[in-house]
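Engineer: sequence first, predicted coordinates after that:
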Amino acid sequence: MAASTLSIKCGLRRALSPSLVVILGATGTGKSKLAIEIGKRLRGEIISADSMQVYQGLDIITNKVTAKERAQCRHHMISFVDPLVSNYTVVDFRNKAVSLIDDMHRRNKLPIIVGGTNYYIESLLWRVLLDAGDLGDGDDGDTDRKLELEKLGGAELHRRLMEVDPEMASMLHPNDKRKIARSLQIHHETGIPHSSWLEEQRGQEGGDGLGGPLRYQDPCIFWLHADMDALDERLDARVDEMLSVGLIEELRDFHVRFNQKKVQNDSQNYQHGIFQSIGFKEFHDYLTAPENSSQQERETLRNRGVEALKTATRRYARKQNKWVRNRFLKRPGDGVPAVYGLDVTDVARWEETVLTPALQILDSLCKGEKPSTEPIRLQRAELRNKRSRHTCDLCDKVIIGDLEWAAHLKSKKHHFHVRKKLKSDGAGHNGVQRRVSLPALDTQTRTNPSDSSKDTNAAH
């Protein structure tokens, strides 16, 4: 059935599914395109779940929908935060988005969540964050304190957390300063260990080992996926298109207006606010090149930035897909909704492989019927403790997770230290490695600040 002739008349009766539509997928898979088409047909409104698109400016690098696209379907949560405000948190997003969703339900509109910031989406799907009331007023002082904590060394932060919340400390790597600082902040503001809050959430009706229960029952979740070689080519082409429409000029203008003084004071921070956008770090050397740099030197820095941007974009796409697989397809748990896969590899067949199946699935759900398309089956991962703590005295390393520990034992660096130890004392290395097994506790793992998944301010 052609998408253009498919008519869906469900009236969004609240007793039937779906309560909302969530469109997942790596950057460059066409999530916004699908969201707009669904919104036009189902009286829907779109909520952007992108932590960079909330900020004003940098429309090219953050890949915001155009004014023409926004005119086709109402959009929310785009370009409304001053870029100099670096303390816009996932809790801020959750509170505003939940209010919007409730309002859409009252107006008989279908909420469509689309975006690539994983922890934003999780905050809407599950009750996985502490409520504002639990954390007091959430004023700037609290945020400033967290930022001050993050300036401390990982070892000192970990020592402080071990004193007030040893269970949480045992599951966090000493280098994971942001999560440690968040746990310390929660204990400071509430007087209750972060691990106790998480345990309470998991104990709620509908909760499980992954966190609290679903916030909205029966959501419809689409995952747009593609062959990675094809997606890589598409992403590289998109970077080239961004360059052709003024990406460098946009970054330079923004740098001059907002970031130059911070660089001069050596206070720029590419781990907070809009400066986390992929592109700032990659073009930092080019944007801050000395005025007496030659044209060749500038061109070299520019080319280096372009390649770094392409690499970072491809890496980010893989991390987004990994999150979908881990959070929805591999993790055991009753609170994980069904996910319908849509193949976007061949853009020439987009209507056939993406739009029409999506509309048919929604048509069935609106009627209270089972869709003819089966959701992606859960692929239960082998049971392993992702939060077990291991210490290798030979390498002087702390390793979190069974899989990571097994990889470390096979690494060249570890075997080098084993041989070195054998030569030094003629003894085996049994006894110099110790392992502490801990109950698995999901902390809604996101990537470290050094990568491009933009983990910031999440309570989990």
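Structural biologist: Perfect, I can see it now.
Engineer: quick one: average pLDDT of the longest helix that the chain contains?
Structural biologist: Secondary structure of the chain per DSSP state H: the longest helix is helix 295-324. When pLDDT is averaged along helix 295-324, the result is 94.
Engineer: just for this structure, where's the confidence low?
Structural biologist: For the chain, the stretches with pLDDT under 70 are 1-17, 85-86, 129-151, 197-212, 259-276, 331-335, 378-387, 426-460.
Engineer: so how far is the strand or helix carrying P357 from its chain's centroid?
Structural biologist: Counting by DSSP states H and E, the element that carries P357 is helix 356-366. In terms of C-alpha atoms, centre = their mean, to the nearest Å, the centre of helix 356-366 is set 27 Å apart from its chain centre.
Engineer: need the CA coordinates for it. PDB is fine.
Structural biologist: Taking C-alpha atoms only, helix 356-366 is exported to PDB below (Å, rounded to 0.1, in the frame of the first residue of the first chain):
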ATOM      1  CA  THR A 356       4.800   2.700   4.500                       C
ATOM      2  CA  PRO A 357       5.800   0.100   7.100                       C
ATOM      3  CA  ALA A 358       5.800   2.700   9.800                       C
ATOM      4  CA  LEU A 359       2.400   4.000   8.900                       C
ATOM      5  CA  GLN A 360       1.000   0.400   8.700                       C
ATOM      6  CA  ILE A 361       2.300  -0.400  12.100                       C
ATOM      7  CA  LEU A 362       0.800   2.800  13.600                       C
ATOM      8  CA  ASP A 363      -2.500   2.100  11.800                       C
ATOM      9  CA  SER A 364      -2.700  -1.400  13.500                       C
ATOM     10  CA  LEU A 365      -1.700   0.000  16.900                       C
ATOM     11  CA  CYS A 366      -4.300   2.800  16.700                       C
END
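Engineer: elements contacting it?
Structural biologist: When contacts are defined as 3 or more C-beta pairs under 8 Å, 6 or more residues apart in numbering; DSSP states H and E, helix 356-366 packs onto helix 31-41, strand 220-225, strand 339-343. Every C-beta, even on glycine, is put in place using the N, C-alpha and C of the backbone.
Engineer: immediately after the shortest one, which helix or strand?
Structural biologist: Per DSSP H and E, strand 339-343 leads on to helix 350 as the next helix or strand towards the C-terminus.
Engineer: on that earlier part again, Serialize the helices and strands packed on helix 356-366 to TSV and add fields for distance to N95.
Structural biologist: Output for the helices and strands packed on helix 356-366, formatted as TSV (distance: least, C-beta to C-beta, whole Å):
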stretch	distance to N95
helix 31-41	22
strand 220-225	22
strand 339-343	26
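Engineer: okay, those in CSV with distance to G191 and mean neighbour count next?
Structural biologist: Formatted as CSV, those follow (distance: least, C-beta to C-beta, whole Å; neighbours: other C-beta atoms under 10 Å):
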stretch, distance to G191, mean neighbour count
helix 31-41, 41, 22
strand 220-225, 37, 24
strand 339-343, 39, 20
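Engineer: output the contacting helices and strands for the helix or strand following the helix holding P357.
Structural biologist: Next in sequence after helix 356-366, counting helices and strands by DSSP H and E, comes strand 389-392. If you count contacts as 3+ C-beta pairs under 8 Å, 6+ apart, strand 389-392 packs onto strand 397-400, helix 402-409, strand 433-436.
Engineer: among the ones you listed, which comes closest to L24?
Structural biologist: Closest approach to L24 among those (C-beta to C-beta): helix 402-409, 23.4 Å.
Engineer: tell me the buried residues in the closest one?
Structural biologist: D402, W405, H408 (16 or more other C-beta atoms under 10 Å).
Engineer: surely the second one touches I399?
Structural biologist: Right, the one you point to is W405. Yes - contact status for W405 versus I399: in contact at 4.8 Å, counting by C-beta atoms under 8 Å.
Engineer: what residues does L309 make contact with?
Structural biologist: By C-beta atoms under 8 Å, 6 or more residues apart in numbering, the contact set of L309 is V239, I278, G279, E282, F283.
Engineer: spatially central residue in this protein, please.
Structural biologist: The chain has N118 as the residue nearest its centroid, 3.0 Å off, counting by C-alpha atoms, centre = their mean.
Engineer: which one is it nearest to, not counting chain neighbours?
Structural biologist: In space, N118 comes closest to W323 once its chain neighbours are excluded; the distance is 4.6 Å by C-beta to C-beta, 6 or more residues apart in numbering.
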